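Participant: Sequence and predicted structure, then a few things I'm wondering about:
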Amino acid sequence: MDSAYWAKAHGAATHFPFALTLVSGALDATGFALAGRPVVRDLHAAGYWTMLLGALGAVPAVASGLLMTQGSLLGHGALRLHHLFVWPAFALLVALATWRVSVGRRSTRPMFAGYLLAVALAAGLMSVAGYWGGEMMVAR
C-alpha cells in the first residue's frame, strides 16, 4: 500500500488516543476534585477504561505512522519535530496505562495527583506532536 493510504489511516487513528487521554484526564480530575462523593467511583472507573483504550488506540496510530514514513524513527524537518514529541508522548501514555492497571486503585491522593499531572503532560506532548503532524500535511 502506498503512503497516501497510510497517511489517511494515521490521521484517523491518531484522534482516538488523543481524545481518550483528554477524556480520561477530565474524568479522573473531576473525580479527584469531588473526593468523597458517590459519583467518584464511576468517574474513576470511566477514567480507567478511557486511559486503557487510549493507550491501546495509540498502537495503530504509531504503526500507521511508521508504515507511512517507511520506518523512519526521527526523520528531518517537521517530521523530526513531530517525532521528538510523539515518542515521549507514546511512552508516557503506555506508562500511564500500565501504572493505572497495576497501582491505580491502591494509590494515595498525592500519587494520583502526580498521575493527573503526567496525564496533562502526555496530552500536551500529543498536542505539539499533532501540530507538527498537521504542518507536514499543509506542506504537501
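Facilitator: Thanks, I have the structure now. Numbers count the residues shown, from 1 in each chain.
Participant: hey, let's count contacts and neighbours off CA atoms from now on
Facilitator: Fine.
Participant: so how far is the one helix or strand W132 maps to off the chain centroid?
Facilitator: Using DSSP states H and E, W132 sits in helix 109-139. Relative to the mean C-alpha coordinate of its chain, helix 109-139 is positioned 7 Å out (Cα atoms, centre = their mean, to the nearest Å).
Participant: Repeat that for stretch 61-81.
Facilitator: Distance of stretch 61-81 from its chain centroid, counting by Cα atoms, centre = their mean, is 17 Å.
Participant: still on that earlier bit, tell me the buried residues in the helix holding W132?
Facilitator: Under the neighbour-count criterion of 16 or more other Cα atoms under 10 Å, helix 109-139 has 112, 115-116, 118-130, 132-133 buried.
Participant: Could you list every helix and strand in contact with the helix or strand in which G25 is found?
Facilitator: Applying DSSP H and E as the criterion places G25 in helix 3-33. Secondary structure elements in contact with helix 3-33, counted by 3 or more Cα pairs under 8 Å, 6 or more residues apart in numbering; DSSP states H and E, are helix 40-68, helix 109-139.
Participant: A97: which of these is closest?
Facilitator: Closest to A97 of the helices and strands packed on helix 3-33 is helix 40-68 (Cα to Cα; 5.5 Å).
Participant: Quick check: buried residues in the following helix or strand past that closest one?
Facilitator: Using DSSP H and E, the next helix or strand after helix 40-68 towards the C-terminus is helix 77-102. Of the residues in helix 77-102, those scored as buried under the neighbour-count criterion (16+ other Cα under 10 Å) are 78-90, 92-94, 96-97, 100.
Participant: pLDDT weak spots in this structure?
Facilitator: The model of the chain has pLDDT under 70 over residues 1-3, 139-140.
Participant: List the residues that contact the residue lying closest to H83 once chain neighbours are set aside.
Facilitator: Nearest in space to H83, with sequence neighbours left out and distances taken as Cα to Cα, 6 or more residues apart in numbering, is L74 at 5.7 Å. L74 sits next to 80, 83-84 when contact means Cα atoms under 8 Å, 6 or more residues apart in numbering.
Participant: likewise A97?
Facilitator: Contacts for A97 (Cα under 8 Å, 6+ apart) come out as 51-52, 55.
Participant: Of those, which is the most crowded?
Facilitator: Using other Cα atoms under 10 Å as the neighbour definition, the contacts of A97 reach their maximum at M51, which records 30 neighbours.
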